[in-house]
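> structural data only, the sequence is not supplied:
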């Protein structure tokens with residue numbers, strides 16, 4: 001047995017790496033290679049810019065997303081990168097001798113863990129104020145201090161007015177954080193689709209386009225949820241804070257509501 005193999009086996013026996021015995025892990029990950037290409041779509045129009053913009057967002061962009069229309073353009077290669085969608089691990093009985101092509105690299109990573117942790121701790125100490133600031137911001141972004149009232153209805157455009165292809169109108173509430181709020185606002189700008197419950201990921205991915213039910217959020221109301229924010233909100237209202245800002249808004253053309 002080679003010296004390196006003897007050393008690695010000793011580390012496993014001493015608990016520095018966890019040996020599976022007669023069981024092994026089978027690891028599988030789905031890799032997605034995304035090829036970046038670009039092209040330009042340009043044309044002239046005699047219509048005014050407001051109407052052109054409306055057509056671009058309401059019709060043309062959806063047409064461009066249809067793969068059958070993408071062959072009308074000449075594409076130039078830009079970039080490519082690989083994303084790992086997920087890793088799955090399953091414990092199996094060892095029935096035949098296997099090759100463990102990455103075990104040496106995994107062991108090397110295990111051996112280097114104490115040093116990495118030491119270096120990270122030293123780096124954090126040197127940059128303590130930076131991390132304190134970022135940690136505080138991260139806490140505020142993730143703290144579920146808001147309750148949303150979301151109004152959902154069927155999307156007239158993507159359903160082509162077909163009642164059977166619209167989601168059921170409803171109002172629902174959701175407790176969320178600051179960083180989650182944009183997801184609900186996004187669904188006011190772009191429609192979403194739903195499929196029946198109980199489908200697998202593969203079934204959802206291949207669900208027929210003609211059977212999808214389409215919806216859109218027509219309003220999202222954001223309100224404070226935490227006791228501290230509620231008291232601050234009520235106090236500001238009693239002091240006329242919002243009334244003052246309505247006066248400012250109404251007197252400024254750039255701030256006037258549509």
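That came through fine. Note that the structure is a prediction, hence the values are computed from the model and not measured.
> right, and residue 191 touches residue 216 too?
Yes - applying CB atoms under 8 Å as the test, residue 191 and residue 216 come out as touching, 4.8 Å apart. Every residue, glycine included, has its C-beta placed from N, CA and C.
> where do the contact lists of these two overlap?
Taking CB atoms under 8 Å, 6 or more residues apart in numbering as the contact criterion, the residues that touch both residue 191 and residue 216 are residue 155.
> give me the more crowded residue out of these two.
The residue with more neighbours, out of residue 191 and residue 216 and counting by other CB atoms under 10 Å, is residue 216; that gives 21 against 18.
> and that one, bridged to which residues?
For residue 216, the beta-bridge assignment (DSSP bridges) gives partners residue 153.
> quick one, grab the pLDDT at it.
The per-residue pLDDT reported for residue 216 equals 95.
> quick one: residues contacting it.
Residues in contact with residue 216 (CB under 8 Å, 6+ apart) are 152-155, 187-188, 190-192.
> so who does residue 81 touch?
Each residue near residue 81 by CB under 8 Å, 6+ apart is listed here: 33-34, 36.
> got the contact list for the strand or helix carrying residue 136?
When secondary structure is defined by DSSP states H and E, residue 136 falls within helix 128-142. Under the contact criterion CB under 8 Å, 6+ apart, helix 128-142 has outside partners 124, 177-179.
> pLDDT added to the contacts of residue 81, as CSV?
As requested, the contacts of residue 81 are exported to CSV (pLDDT from 0 to 100):
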residue, pLDDT
33, 79
34, 79
36, 78
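> who wins for neighbours among these?
Neighbours here mean other CB under 10 Å. Within the contacts of residue 81, the largest count is held by residue 36, at 11 neighbours.
> on the three-state scheme, that residue is what?
Per DSSP: H, G, I helix; E, B strand; the rest coil, the secondary structure class of residue 36 is strand.
> ok, the contacts of residue 216 vs residue 74, which is closest?
Of all these, the one with the least separation from residue 74 (CB to CB) is residue 190, at 28.0 Å.
> ramachandran coordinates for that closest one?
Main-chain dihedrals, residue 190, degrees, to the nearest 10: phi -130, psi 140.
> nearest residue to it other than its sequence neighbours?
On the basis of CB to CB, 6 or more residues apart in numbering, the spatially nearest residue to residue 190 that is not a chain neighbour turns out to be residue 216, at 7.8 Å.
> how about the helices in the stretch 101-250 of the chain?
Secondary structure of the stretch 101-250 of the chain, counting by DSSP state H, counting those that start in this stretch: helices at 103-126, 128-142, 181-189, 201-205, 227-238, 241-251.
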